Every structure is written in C-alpha cells, then in structure tokens.
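Trainee: coords please:
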Amino acid sequence: MDIDRLIAERAKRIDASGIRRVFDLGARLKDPINLSIGQPDFPVPDAVKAAAIRAIEGNQNGYTQTQGIAPLRQRIVEHLRTDVGWEVDARPLSAADPARPGIIVTSGTSGALMLAFQALLNPGDEAIIPDPYFAMYPHICTMVGATGVPCNTYPDFRLTAARVEPLITARTKLVLLNSPGNPAGVVATNNECRDLLELCRERNVLLISDEIYDTFTYADAREPSPLGGGEHQPAPAPRASPGRRTTYCSSAGSGRPTASRAGGWATAPGHAGSSRKSANSSNTPTSARPPRSSTARRRASMWTCPSRSRATRSGATW
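Mentor: So this is what the prediction gives:
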C-alpha cells in the first residue's frame, strides 16, 4: 500500500516541532536543565491536588459537557469581570444572551486558538503572526488551509501597528499578538496594544492577543491599567468592547504550577460563539471531570489579584 499517497498535503507541510526534538535529546542526557517549555520546577499547590482528589473520590470521573461544567464557567466569568471588565454570560451558548459574549471551555489555550482559527479562517485566508513565534502558530494556519504571514519584529521583537499594516491584504482575517512574547519575552506597551487594536478595527481584522505568560511580567514592564486599580501587564482586552465583534481565549495552566491541568476557555458573541461551539463539539473530546472540578475550586487568588497583572489571560479582540 502506498501510505504516502494517503497522507493529506497539509499534514506533509507540518514539520516536527523543535520543542519535541529537544525533548527527545533531553531524554538521553543525564540531569539536563530543561529550558524548553513553560513548566514549573515545583509541585502543584496542595489545594489544587486536594480538589482533584475530592472530585475523584466523589465519583466525578466521567466526561463533562463540551462547553465546560457550570461551576468552572461561572469562575471564569468572575475572573473576566475582575481582570478585564467584561460581562460574560455563564450559561451554555444555546441559552446565552446574544447581546453578550458566551463562553466555552477548551483543551488549553492552544485548543482555544485552534478553534478560533477553524471558526474564522477559510482556505486562502491569511493570518499575520509575529516572527519569532511560538512553534504552533504557523502550523495551525496550515492545518486549516490558511497562510501564516510572518511579521518581522527584529531587532526589538515588537509587533507594532507600523510593522503589521503593510502586511494586511484583502485576504487578511486576523493578527496574532503574543505578549509576553514566546520565545523573545518582550512585553507590549499600552500604546502598542492601543495602536494595534485601532488598526485592526479600521481594517476590519480580528486581533487575537495571546497572553498566556502574563503572570511572568516583571514590574518594569507593567503600566497603569485602562480600568484603573493599579498597574498591569499591558493588553488590548481592557480597551475592547466585549459586546461587539470580540473573541477572547485564556488558560489556567501555564502561568501557574498547574500545567498538566491547563484547561482553557474562549468567549465570543453571537454567530462567532456558535461557530466555535460547533467546532469544539466536533473536534474536541470532552475532558475528564477531576481537572475541571479542581480548576473551578481553586482559590480566587489563583485567578485574579487587585493589580490585574497576575491572572493568566489570552484575549482575542477587534
């Protein structure tokens, strides 16, 4: 049998992740220092482990609703209200107020981004991504038949409106901002976030802001929040209206010592939310209940803090 003939062309265009190659090499080394992935070198907090154990012992071991269990959706809504000033409907999308964003739970931020690209991009569409970039960004474009357009951010690694604007064409659907950036670690400023958001509004392009590592923002990179209440890691989300053409994705894992429980979520209004719900239902098996239950029961301090600078956040706004 000619196996090569059976493999889809889009799959052939995806190279093996450099991170995976590093893992393979590290497995053959003695006591290597792992700098390859965002994983802490200390244990998961006892409160999170205890919540997962209680869920298991309470026989909460089956599949969950694809959109996420109600307590977890409610906790996410509270987080969004405190962190970015958004009022999100916690009910399932089928019952949510179409004038407000709804919410679904996903398999991490990567899962949320994959659903966003599936719901938004057609074959031939373009997505502008920063260069250098997180390994999966160009590949999710390839997997949906779209084209990832790299934006050269050298030498300062800043994705600015001035650098993005010349790359926007009639085929451009979205711009992907990653701040703090992976791998460069650069944090966008308030002005850079504002300018990118305004550019995308003017050109009718979606701005997806991946801020999975915002808990690692040092004090010298924080700036006053547009919402007040102290300094924060600069982001487009607090400047955007959640009730109009806005999508927002996030995670509760990589920014805290709970990477193995990295549940994510996404919010979207109206038809965008329905499209993402359909993609999620068709592509993502529901996760086991214990991780979602333990995430929902975490202390509030693990989700938000008064400065709005410590909660893991990925926002997608236009």
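
Trainee: okay, CA-based contacts and neighbour counts for the rest of this
Mentor: Will do.

Trainee: Of all residues in this structure, which one is nearest the centre?
Mentor: Closest residue to the average C-alpha location of the chain: Thr109 at 3.6 Å, with CA atoms, centre = their mean.

Trainee: Relative to Leu174, how far out is that one?
Mentor: Thr109 is 17 Å from Leu174, where distance means CA to CA, to the nearest Å.

Trainee: Repeat that for Asp156.
Mentor: Separation of Asp156 from Leu174 (CA to CA): 22 Å.

Trainee: More neighbours: which of those two?
Mentor: Leu174 (25 against 9; other CA atoms under 10 Å).

Trainee: Find the nearest non-adjacent residue to the more buried one, please.
Mentor: Leu206 (4.3 Å; CA to CA, 6 or more residues apart in numbering).

Trainee: Backbone dihedrals for that neighbour, please?
Mentor: phi -80, psi 140 (degrees, to the nearest 10).

Trainee: now do the one 3 residues further on
Mentor: Recorded main-chain torsions at Ser209 are phi -110, psi 110, according to degrees, to the nearest 10.

Trainee: Isn't it up against Leu176?
Mentor: Yes. Between Ser209 and Leu176 a contact is recorded at 6.0 Å, counting by CA atoms under 8 Å.

Trainee: Neighbour count for these two, which is higher?
Mentor: Taking neighbours as other CA under 10 Å, Ser209 and Leu176 compare with Ser209 leading, 26 against 19.

Trainee: rewinding a little: any idea how far Glu87 is from the residue nearest to the centre of the chain?
Mentor: 20 Å.

Trainee: What count of nearby residues applies to Ala184?
Mentor: 15.

Trainee: Relative to Ala47, how far out is the spatially closest residue to it that is not a sequence neighbour?
Mentor: Nearest non-adjacent residue to Ala184, counting by CA to CA, 6+ apart: Phe157, 6.8 Å away. Noted for Phe157: a distance of 38 Å to Ala47, by CA to CA.
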